[in-house]
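> sequence? don't have it. structure:
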């Protein structure tokens, strides 16, 4: 059984330095999470150390993506330059380990006019899909300025992965403050805020009619759908008042693919199977922030009803969504 893990992160010291050099009000406090445990060392390794870790976990293929916030907070020119460099580094890592590594593109979202061209260039160099965030500065992902991205992704058959990010400062002040700094950060990121941010971005894209304009567009959400799978009955009420061609839940069941992000919870798996389908689910570990062992992964895979379903989850659907070939 081949195991393809689709949300596995990396970064470079140069990007971290550029992000830390930004004015205080534009810095991303979630960078502190990269420095916990041995994550930073693992994030910087897209070579032999990573391959060894994959072997230890029983992972056959990782699809790499730059850890948040990627190039989003940078000035437009820097975002473009860093995105191009990161995509070139990722392409070189994939070329070094073509049977073990693939990579999603990093896009200069701060420079919307350059996004489609960089996606096209990166795909031409072997990238599979792209990872983006729900907001760049004050510009939401569903802003018309980004419609070229979705048109290009749909035309190229490339999926767009919306990764969680730190909520806007005003939201953090209103909803995720009042505790000690570390608890504030945890509440606004992995504890809750990240997932509301990503779910809202996906819901805004659907409500904006993005999938009516681009019916073949593929979207990927982590963390078992960033709470949206739990709330389909309620969000469907937006469909009629927004004048959508299809209900929100129809889009979720047709265009949106869901990954585990290292949350190997049988309860979440069975809920996802109940409200979506096995053909929408993808395996990932969220490396290096989650590092499930080989035995933990195999125990989780034992929850599937058949070998066919297990194969869809671990590799077949990823091959189809990301266009992977042996």
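Structure's in. What do you need? These numbers come from a predicted model, not from an experiment.

> CA only for contacts and neighbour counts going forward, please
OK.

> give me the number of residues near the nearest residue to residue 309 once chain neighbours are set aside?
In space, and not counting its chain neighbours, residue 309 is closest to residue 278: 6.5 Å by CA to CA, 6 or more residues apart in numbering. Residue 278 sits with 20 neighbouring residues when counted by other CA atoms under 10 Å.

> Now residue 221. Its backbone dihedrals?
The phi/psi pair for residue 221 (degrees, to the nearest 10) reads phi -120, psi 140.

> what sits against it?
Counting by CA atoms under 8 Å, 6 or more residues apart in numbering, residue 221 touches 161-163, 198, 256-259.

> now these as a markdown table including secondary structure, distance to residue 291 and pLDDT?
Formatted as a markdown table, the contacts of residue 221 follow (DSSP: H, G, I helix; E, B strand; the rest coil; distance: CA to CA, whole Å; pLDDT from 0 to 100):
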| residue | secondary structure | distance to residue 291 | pLDDT |
| --- | --- | --- | --- |
| 161 | strand | 21 | 98 |
| 162 | strand | 21 | 98 |
| 163 | strand | 18 | 98 |
| 198 | helix | 22 | 98 |
| 256 | strand | 25 | 98 |
| 257 | strand | 22 | 98 |
| 258 | strand | 19 | 98 |
| 259 | strand | 15 | 98 |
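
> and the residue nearest to residue 309, how far is that from residue 304?
Separation of residue 278 from residue 304 (CA to CA, to the nearest Å) stands at 10 Å.

> now residue 232
With distances taken as CA to CA, residue 232 is found 24 Å from residue 304.

> same question, residue 105
Residue 105 is 31 Å from residue 304, by CA to CA.

> neighbour-wise, which of these two wins?
For residue 105 and residue 304, the more surrounded residue by other CA under 10 Å is residue 105, and the numbers stand at 31 against 17.

> Which residues does that one form beta bridges with?
Under DSSP bridges, the beta-bridge partners of residue 105 are residue 130.

> isn't it right next to residue 123, touching?
Yes. In this structure residue 105 lies within contact range of residue 123 using CA atoms under 8 Å: 7.5 Å.

> Give the residues shared as contacts by the two.
Jointly contacting residue 105 and residue 123 under the rule CA under 8 Å, 6+ apart are residue 129.

> okay, and for this protein, where does confidence drop off?
Within the chain, the ranges that satisfy pLDDT under 70 run 326.

> now the strands for the stretch 151-300 of the chain?
Taking DSSP state E, counting those that start in this stretch to define them, one finds strands in the stretch 151-300 of the chain at 160-163, 219-221, 256-259, 281-282.

> Quick one: closest of these to residue 136.
Residue 136 lies closest to strand 160-163 among the strands of the stretch 151-300 of the chain, at 12.2 Å (CA to CA).

> Contacts for stretch 123-142 next, please.
For stretch 123-142, contacts defined as CA under 8 Å, 6+ apart pick out 65-66, 69, 72-73, 87, 91, 102-107, 109-110, 119, 153, 158-165, 197-198, 200-202, 204-205, 208, 210, 322-324.

> List the buried residues of it.
For stretch 123-142, a neighbour-count test (16 or more other CA atoms under 10 Å) marks 123, 125-136, 140-142 as buried.

> do stretch 69-79 as well
Across stretch 69-79, burial judged by 16+ other CA under 10 Å covers 69-74, 76, 78-79.

> would you list every one of the helices in the stretch 101-250 of the chain?
Assigned by DSSP state H, counting those that start in this stretch, the stretch 101-250 of the chain shows helices spanning 112-124, 147-156, 169-175, 181-188, 193-207, 210-213, 223-226, 232-235, 237-241, 248-254.

> any chance of these in a markdown table, plus distance to residue 286?
Output for the helices of the stretch 101-250 of the chain, formatted as a markdown table (distance: least, CA to CA, whole Å):
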| stretch | distance to residue 286 |
| --- | --- |
| helix 112-124 | 22 |
| helix 147-156 | 23 |
| helix 169-175 | 24 |
| helix 181-188 | 17 |
| helix 193-207 | 14 |
| helix 210-213 | 27 |
| helix 223-226 | 9 |
| helix 232-235 | 25 |
| helix 237-241 | 31 |
| helix 248-254 | 22 |
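
> So which of those is nearest residue 58?
Closest approach to residue 58 among the helices of the stretch 101-250 of the chain (CA to CA): helix 223-226, 20.9 Å.

> mind checking the backbone torsions on the closest residue to residue 211 other than its chain neighbours?
Nearest residue to residue 211 in three dimensions, chain neighbours excluded: residue 217, at 6.6 Å (CA to CA, 6+ apart). Dihedral pair for residue 217: phi -70, psi 140, per degrees, to the nearest 10.

> And residue 217, how close does it get to residue 65?
From residue 217 to residue 65 the distance is 19 Å (CA to CA).

> neighbour count winner among the two?
The neighbour count for residue 217 versus residue 65, taken as other CA under 10 Å, is higher for residue 65 (28 against 23).

> For that one, list the residues it contacts.
Counting by CA under 8 Å, 6+ apart, residue 65 makes contact with 7-10, 103-106, 131.

> Need the nearest residue in space to it, chain neighbours excluded.
Spatial nearest neighbour of residue 65, chain neighbours left out: residue 9 (4.8 Å); criterion: CA to CA, 6+ apart.
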